[in-house]
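Participant: sharing a model that was predicted from the sequence below.
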Amino acid sequence: MKYHQIDRDLYVKNRAKFTAQMKPNSVAVFNSNDIYPVSADSTLPFAQHRDILYLSGVDQEESILLLFPDAPYEHLKEILFLKETNEHIAIWEGEKLTKERAFEVSGIKSVIWLQGFHKTLKEIMAYADTIYINTNEHYRAVIETETREARFIKWWKENYPAHKVEKSNPILQRLRSVKESEELDLIQKACDITEKGFRRVLNFVKPGVMEFEIEAEFAHEFLRNRSKGFAYTPIIASGNNANVLHYIENNQQCKAGDLILLDVGAEYANYSSDMTRMVPVSGRFTDRQKAVYNAVLNVKNEATKMLVPGTLWKQYHVEVGKIMTSELLGLGLLDKADVQNENPDWPAYKKYFMHGTSHHMGLDTHDYGLLHEPMQANMVFTVEPGIYIPKEGFGIRLEDDMVIQEKGAAFNLMRNIPIEIEEIEAIMNA
């Protein structure tokens, strides 16, 4: 891994929080992700399943974590099953975790090679009454490929039909949404790397550059700072491309007078950052661009004030909509009749701001979190309002990553990344 080793105490704490919520005499199993084939002998780069990573720190394929806090024997309370390494693997693929190294990473003493999993599980299931299976229940999830986790669940149900079943996901949705201080430090590191990329780009952009050249500048800076790269597919959208919310082609030339929407974030140690900034290709915003930009910035600042413990996500978006409506009236994009005659299910402001304002962020860019439950301290949310005006040839979105505090204003993990028009113009014209 490119990133520095993380203190295993984080994973010890995470496991303790999870097992504290398990029912008596129950077992939980977590599988790593597959390595996905492309064609011939080509594969996609491996990306670890965030749940086994969160609970063990193991960032390696073909790994299984088993938790059995009420086990009759100490060595069965928590077990890592790993692919057995050997000289051939070391030569062709590089070093894999040894049992000693796995303990250093995870704090788990009982490490068994993967070929011993079924035998060990058979013994454990004779002691246990219940198994926690790990299904993906994220509200944005679209699953078309059978995962390693799904194959295990299917196999387990066929072989152990008499056991009770519980779900790991509701526990993890709550645990992962509230960050430990070590996690906040890792997200801050990802944001700091993103800042370095953005400052590099501010000195690079000029009329005639290609969107993919800007993407390359970010990638260069991310990789040289121990990141694997982008936390999500980057959006480098110049001119009217900014009005396509998930524009990822990044293949157009940036023209004088246009704005570029940069929705880009570095990952670090599998933790995400998520930033959006606007850059004027020519180094200066026009008066109209400034007016819309400052309207979006005001909505962002006002929305951020509502990120406090106890806030309900759904009501928060209703209030943000009211602020956005006021700004759109001031810009002349809406009039009073539009608001008076609006459809309550699709308010007038949605013509220009059609997406949500905030989502949880952490190990996943759209991280775990139950949206019907109140916000809590140490949750991390994005704040990303936008105004999109295809008829005027540009759209504007601004986004920062915020940590909710016990008291007072949310803490901005991107506080050092330029966002004010004056600072952006000053750097570009230095």
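Facilitator: On my side now, so go ahead.
Participant: any idea which helix or strand in the protein has the lowest mean pLDDT?
Facilitator: In the chain, no helix or strand scores lower on mean pLDDT, DSSP states H and E than helix 87-92, which sits at a mean of 74.
Participant: centre of the chain to it, how far?
Facilitator: Averaging C-alpha positions (C-alpha atoms, centre = their mean, to the nearest Å) puts helix 87-92 33 Å from its chain's average.
Participant: that one - contacts with which helices or strands?
Facilitator: Contacts defined by 3 or more C-beta pairs under 8 Å, 6 or more residues apart in numbering; DSSP states H and E place helix 87-92 against no helix or strand at all. Yep, even glycine has a C-beta here, placed from its N, CA and C like the rest.
Participant: burial check on Met324, number of neighbours?
Facilitator: 28 (other C-beta atoms under 10 Å).
Participant: then Ala337?
Facilitator: Neighbour tally, Ala337, other C-beta under 10 Å: 9.
Participant: what pLDDT, on average, does the host helix or strand of it get?
Facilitator: Taking DSSP states H and E as the definition, Ala337 sits inside helix 336-340. Averaged over helix 336-340, pLDDT sits at 96.
Participant: cool, stretch 251-271 as well?
Facilitator: 98.
Participant: do the same with stretch 182-196
Facilitator: 98.
Participant: just the C-alphas of that stretch, formatted as PDB.
Facilitator: Extracted in PDB, the C-alpha atoms of stretch 182-196 (Å, rounded to 0.1, in the frame of the first residue of the first chain):
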ATOM      1  CA  GLU A 182      -8.100   8.600  13.600                       C
ATOM      2  CA  GLU A 183     -10.600   8.500  10.700                       C
ATOM      3  CA  LEU A 184     -11.100  12.200  10.700                       C
ATOM      4  CA  ASP A 185      -7.300  12.600  10.400                       C
ATOM      5  CA  LEU A 186      -7.300  10.300   7.400                       C
ATOM      6  CA  ILE A 187     -10.100  12.200   5.700                       C
ATOM      7  CA  GLN A 188      -8.200  15.400   6.500                       C
ATOM      8  CA  LYS A 189      -5.100  13.900   4.800                       C
ATOM      9  CA  ALA A 190      -7.200  13.100   1.700                       C
ATOM     10  CA  CYS A 191      -8.500  16.700   1.700                       C
ATOM     11  CA  ASP A 192      -5.000  18.100   2.000                       C
ATOM     12  CA  ILE A 193      -3.900  16.100  -1.000                       C
ATOM     13  CA  THR A 194      -6.900  17.400  -2.900                       C
ATOM     14  CA  GLU A 195      -5.900  20.900  -2.000                       C
ATOM     15  CA  LYS A 196      -2.400  20.300  -3.500                       C
END
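Participant: please list the residues outside it that contact it.
Facilitator: 6-7, 9-10, 179, 221-222, 225-227, 231, 264-269, 271-273, 275, 361-362, 378, 380, 401, 403, 413-414, 416-417 (C-beta atoms under 8 Å, 6 or more residues apart in numbering).
Participant: three-state assignment of Tyr132?
Facilitator: Using DSSP: H, G, I helix; E, B strand; the rest coil, the structure places Tyr132 in strand.
Participant: how many other residues sit next to it?
Facilitator: 23.
Participant: now Thr130
Facilitator: Neighbour tally, Thr130, other C-beta under 10 Å: 15.
Participant: again with Lys336
Facilitator: 9.
Participant: spatially nearest residue to it (excluding sequence neighbours)?
Facilitator: The shortest distance from Lys336 to any non-neighbouring residue, by C-beta to C-beta, 6 or more residues apart in numbering, is to Leu329 (7.3 Å).
Participant: just checking, what packs against the strand or helix carrying the one you found?
Facilitator: Element membership for Leu329, per DSSP H and E: helix 313-330. On a contact count with 3+ C-beta pairs under 8 Å, 6+ apart, helix 313-330 meets helix 287-305, helix 336-340, strand 386-389.
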